[in-house]
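Novice: sequence first, then the predicted structure:
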Amino acid sequence: MAEKKPSPLDLNSPSFNPNMYLDKLFKESNLKQIMDHESEIVKDTQTLHSDMQTLVYENYNKFISATDTIKKMKVDFKKMENEMDLLASNMSSITSFSDQINSTLQDTRSQISKLSGVHTLLQRLQFLFKLPTSLKTRMEEKRYIEAVQDYLHAQRVLEQYGNLPSLQGIKTDCETILIELKKELRKHFSNPQASAKELTESVDLLLQLNEPAKELCSEFLICAEKRLSDQLVMLKDQSEQRDISEFIDLGCSGFLSDLCLVVASFDDMFINRNNLDNIENSDIFENFAATELNNFVKQNMAKYFDLVQNKVDLEQDVGDTAVLVQALDRFYKRIESNTLCRDVDFSALATEIVINAGRKQCKAHLQILKMHFADCLTKVRQNLTTPKLISQDDSSKNLNELLSTLIMSIVEKIKGVLQDLVVFIQPEVNFAQKPQFKDSFCVDNVREGLIVCFMHHLTATARSYCAIVASDLKVPPTVLLLLSKLCLDFRNGSVSFVLSQTDELFQINPKQSAALTNEGEINMTMQESAQELLNYYVRIQGLNVSQMLRKSVETRDWLHTIEPRTVRAVMKRVVEDISAIDATVALLYEDQGNNTEHSSDSSRKTHSISVSRHQYRSNWSSLTPNHLDSTLVSNMHKLFSERIEIFSTVEFNKISILTGIIKISLKTFMECVRLKTFSKFGLQQIQVDTHYLQLYLWRFVADENLVHFLLDEILGSAVHRCLEPILMEPSVVDIICERG
Amino acid sequence: MENENSVIYGLEFQARALAPQNAEIEKICFLIGTQSLKQATNQIHLVEFNDEDSTLKTSVFNHPEGEIWKLNSSPLDETKLVTCYNSVTNENSCCMKTALYKLPQTENPDTVESLPIVTSFDTSALGNEVKTTEFHPVEAEKVASVLESQVVLWDVSGEKARSILKVQLNGKNNPKFTTGKWNPHQSCNQFTTAVETHLKTYDVRSGELAWGIDNVHSQLLRDLDFNMNKQYHVATCGDDGFIKIWDFRQTGQPVYSRSDHSHWVWCIRFNPFHDQLLLSASSDARVLVSSAASVSSENNNDCMQDETEAKQMISDGPLQWCEHEDSVYCAEWSLAEPWVFASLSYDGRLLISRVKKSLKYQIML
């Protein structure tokens, strides 16, 4: 509170009221206190008083010393003023002196500068006068760059003052020399020995000499063209002598590097040039130059590609696929690494060439495979026709061996070819990884073009043997059997082996692309061919046997024949032939189970047959010469037996094959019998013959009733065609047949 | 086999001779000759087929001279026919002969008449075999007989046939004729024969060989037929089961070749009106109607017209077949109705069939 409101009671406050203070003091304090207080105040007052005195004194002292300092300063300034005046006067005198010197030296200086000007002029003139000679010497020394630089130095002057009589001579001299120089430089263009670098230099110089750029550029290209075409001609000449890898090397190092150099220098000279004089036209010119260059490169590359293509086409020899691939790889790498031309992707063209080469190689291999197959077949045919095969022991081994070696050699050959071709897609080969190449090569060329095509060729060739055997009697029908089995074996394994091998080697996924010929299709054709061949084999063999039977029936006079004592030789021959066929077929095709029950107790079977035949025959023996009855019996029989297909499709087993052959033969026998008229003995001869066949043929067929039925038909027909149908006693027939 | 399409006529005897009545162009008539070693029982049946109600009318004539192997009817006179028959001379020998007959104009179907022989042929000096006797296509008095190794041209205007020309067949291994036929083209001056596997054609004016095709079939050549509409085409069939059509100007390869039969083919006939239809009979007991559209005359004509591009050609191959119980040795088209054919099997069954309707329309439209 005391702070806020200055208390009038505070001694130090400005609003101090002595009276109030005193009043208060008097009121509140006793005497003693008052007394003490009085003395205290007196003391304070004294202290304050002395303090004040000290202060005043000190201030006074300071004031006096300040006054002294000011007095001293006044004196010093006076002195300085004088010295300044002196300096000013000196300076003005210096100025006047320098002016004086300047004016004195002015004349001399201008003279000197004039003299030096004259000197340079004289120097230049001297250069000009010397120029023709120096140019000449430089030309002679072939230092064209300096010559051009020299001329360029002088050019402007010559242009400006060229019409002065004194300089005119020099100008003309210079011009003639220059023309010569230009000629010389252009000569470089046409000089085949000149290196590309020299050319570049020359062009550079000519450009500096203000030759028209377009003209130069086309001239340059023409020269380059000439050089390149020389290279191409050289390549062409070499293409026939050298092998492909040397040829490609030659192309790469000669033609391609030259072309690159040309392109590079052309770029440097005409396209990327900054210091062209006529700036406003440079864009247009660059465009022009670029198109010129592109055309040029395209043309030359086209020629080169043609050459390479030709060379690749010329490569007749398929033996060195590796070399070919190596060469192609180098070629492709080279083409791919250079971007010669902005618009055209030469690597695509190169790929095209490589693909073509691949296709060609595949075709060549296909041809080889075909030839190999044909050779194999010829060998097989020779093998089959050689007489030693007639003895059956030899043939037994041979036929099977022949087949397996045939298959082996074909499959091995295919494998070899695949191995050979796989070089094309080795990972280190550059183009192999291009999908464009890989698709076309692996799928179209190798798998479809080579393997599948060969399989088709195989079946087609096999089928063609049907016609060959039919037209050429020298070809043994066994070939058909062998080929049929070949097709079957291929179907049962080799096809899938070869295809999977191909897919594996060439990384084809057969499930991915629907366009691929699948295994089933080929197997189907194989199966069909096998079937066709086998059918044809049966037919041919059947017809061969029939032919024999037909001749034997036709040539005999059945009306005037003696009582039969033996089986006719031809029947024995038929049985022999069929046994031989059986033996041959057995080598390639296995029996089916049906036959085992026959062989187990054959004696009983034959017996039962002869019994049944005996009973049946009794029909004939009791036959009254009434045709109605006989037809009735025959028809009745037919009613209950199944219809017999003569040339039906055969199955792939021995029994079926032989059944087919026997059916055809017996049917023929019947037809022949129907064309003849028999006497009693004639009929009996047929009876003996059929019984003989019955005895020997049943074991070859699946259903012996079939033979039974057919033989009965034959006998029945003979009875019909007999003037006096009386059959022999069965026991006599048995005896005759057993006697052989 | 379509039942509604065919009519069966059964004979009591075996038979292998069938011929259309060539001169009859109003009615569909076929002649059948039976084959029985009992001479007297042999007959000739004239079967008339009524196309509208599918009924048959038959007349039977006796043919006591012997069993009939071959039967031909005159193309000019419907009553005339010629047979080649085998007659048993005595107990143990028989001989083939040929004779020309005239059908009597009988109205009574109950009586069985014998056929009167109009002209007889003396072939005794020429061998025991007469393969066929063929009427000349245009000249009524001329017939040709094919014997074992000779072709004889006869003049049949009298009662005894007078031989005009004999052509002897020469060659290694004693070759024999199988059959023969007049070539209806070339002014009917050519007679074509089948010898083993070859075709040999003789000019009947000179008796010289006019042309021939060797190895027509790989085995015996059984029958041949000329295309009425295409003068250089001849069809052949044989024991190798093949049917072939040859252009005899180029004999290297047949122009058409198929093997749809499974045994010997005995008979081949061009349809006289639509020559893309081939009829063939085989001992596999089948009769086939095959298409040979690729070499037919209609095919060529069609090529010239633009509108027919829309019409699709029938592809070559079998179109229709009939099954018999036994071997079929004869099949013939009717001369009166282009869509009817007959086939005769050895067991004496005649089957008269029609070409399938669909096929008919396809060819006609």
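Specialist: That came through fine.
Novice: number of nearby residues for residue B:145?
Specialist: By the criterion of other CB atoms under 10 Å in any protein chain shown, residue B:145 has 25 neighbours. (C-beta placed from N, C-alpha, C; glycine too.)
Novice: let me fix that: residue A:432
Specialist: 21.
Novice: in this structure it contacts residue A:439, no?
Specialist: No. With contact defined as CB atoms under 8 Å, residue A:432 does not reach residue A:439; the gap is 11.7 Å.
Novice: identify the residues contacting residue 234.
Specialist: Just going to use chain A. A:250, A:254 (CB atoms under 8 Å, 6 or more residues apart in numbering or on different chains).
Novice: try chain B instead
Specialist: B:192, B:199, B:224, B:225, B:226, B:227, B:245, B:246, B:248.
Novice: now with 6 Å?
Specialist: Neighbouring residues of residue B:234 by CB atoms under 6 Å, 6 or more residues apart in numbering or on different chains: B:224, B:226, B:246.
Novice: same question, residue B:207
Specialist: B:165, B:167.
Novice: so it belongs to a helix, correct?
Specialist: No. The assignment for residue B:207, made by DSSP: H, G, I helix; E, B strand; the rest coil, is coil rather than a helix.
Novice: could you measure from it over to residue B:119?
Specialist: Separation of residue B:207 from residue B:119 (CB to CB, to the nearest Å): 22 Å.
Novice: coming back round to it: as CSV, the contacts of residue B:234 with pLDDT and neighbour count would be great.
Specialist: Formatted as CSV, the contacts of residue B:234 follow (pLDDT from 0 to 100; neighbours: other CB atoms under 10 Å in any protein chain shown):
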residue, pLDDT, neighbour count
B:224, 92, 24
B:226, 92, 23
B:246, 91, 23
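Novice: can you put the residues you listed in CSV and add secondary structure?
Specialist: Formatted as CSV, these follow (three-state DSSP):
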residue, secondary structure
B:224, strand
B:226, strand
B:246, strand
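Novice: name the nearest of the residues you listed relative to chain A.
Specialist: The shortest approach to chain A among these belongs to residue B:246, at 15.6 Å (CB to the nearest CB).
Novice: wait, isn't that closest one in contact with residue B:254?
Specialist: Yes. Contact criterion CB atoms under 6 Å: residue B:246 and residue B:254 qualify, at 5.0 Å.
Novice: what about stretch A:551-570, average pLDDT?
Specialist: When pLDDT is averaged over stretch A:551-570, the result is 84.
Novice: and that stretch, what's buried?
Specialist: For stretch A:551-570, a neighbour-count test (16 or more other CB atoms under 10 Å in any protein chain shown) marks A:552, A:553, A:556, A:558, A:559, A:561, A:564, A:567, A:568, A:570 as buried.
Novice: burial of the closest residue to chain A within the stretch 101-250 of chain B, as a residue count?
Specialist: With CB to the nearest CB as the measure, residue B:218 is the residue of the stretch 101-250 of chain B nearest to chain A, at 5.6 Å. Neighbours of residue B:218 under the rule other CB under 10 Å: 19.
Novice: which SS class is it?
Specialist: coil.
Novice: and it, how far from residue A:540?
Specialist: For residue B:218, the distance to residue A:540 (CB to CB) stands at 9 Å.
Novice: follow-up on the earlier one: and the buried residues of stretch A:551-570, which two are the farthest apart?
Specialist: Taking every pair in the buried residues of stretch A:551-570 and measuring CB to CB, the maximum separation is 20.2 Å, between A:559 and A:567.
Novice: for the residue lying closest to residue B:198 once chain neighbours are set aside, grab the count of nearby residues.
Specialist: Closest residue in space to residue B:198, ignoring its immediate chain neighbours: residue B:214 at 4.8 Å, by CB to CB, 6 or more residues apart in numbering or on different chains. Residue B:214 has 11 neighbouring residues, counting by other CB under 10 Å.
Novice: quick check: chain neighbours aside, which residue is closest to the residue in the stretch 1-150 of chain A positioned nearest to chain B?
Specialist: Closest to chain B within the stretch 1-150 of chain A is residue A:144: 79.1 Å, counting by CB to the nearest CB. Closest residue to residue A:144 apart from its sequence neighbours, by CB to CB, 6+ apart: residue A:205 at 5.8 Å.
Novice: give me the mean pLDDT for the helix or strand that neighbour falls within.
Specialist: Using DSSP states H and E, the element containing residue A:205 is helix A:196-208. In this model, helix A:196-208 has an average pLDDT of 69.
Novice: which element follows it toward the C-terminus?
Specialist: Counting by DSSP H and E, the element after helix A:196-208 in chain order, helix or strand, is helix A:213-241.
Novice: lowest average confidence, helix or strand, in chain B?
Specialist: One helix or strand of chain B scores below all others by mean pLDDT, DSSP states H and E: helix B:297-304, with a mean of 58.
Novice: which SS class is the residue nearest the centre of chain A?
Specialist: The centroid of chain A falls nearest to residue A:437 when counting by CA atoms, centre = their mean (2.0 Å). With three-state DSSP as the basis, residue A:437 sits in helix.
Novice: give me the neighbour count for residue B:169.
Specialist: Around residue B:169 there are 18 other residues, counting by other CB under 10 Å.
Novice: now residue A:348: closest residue in space that isn't a chain neighbour?
Specialist: Leaving aside its sequence neighbours, residue A:348 sits nearest to residue A:436 (CB to CB, 6+ apart; 7.6 Å).
Novice: quick one: that neighbour and residue A:324, what's the gap?
Specialist: Distance from residue A:436 to residue A:324, counting by CB to CB: 19 Å.
Novice: for chain A, what's its nearest residue on the stretch 201-350 of chain B.
Specialist: The minimum distance from the stretch 201-350 of chain B to chain A, using CB to the nearest CB, falls at residue B:262 (3.3 Å).
Novice: do you know the pLDDT at that residue?
Specialist: On the pLDDT scale, residue B:262 gets 82.
Novice: and for it, the neighbour number?
Specialist: Residue B:262: 21 surrounding residues under other CB under 10 Å.
Novice: again with residue A:523
Specialist: As a burial measure, residue A:523 scores 18 neighbours (other CB under 10 Å).
Novice: same question, the one 10 residues further on
Specialist: By other CB under 10 Å, 26 other residues sit near residue A:533.
Novice: check contacts around it.
Specialist: By CB under 6 Å, 6+ apart, the contact set of residue A:533 is A:462, A:480, A:483, A:484.
Novice: return the member of those nearest to chain B.
Specialist: Lowest distance from chain B to these (CB to the nearest CB) belongs to residue A:480, with 14.2 Å.
Novice: just give the closest residue to the closest one, not the sequence neighbours.
Specialist: The shortest distance from residue A:480 to any non-neighbouring residue, by CB to CB, 6+ apart, is to residue A:537 (4.0 Å).
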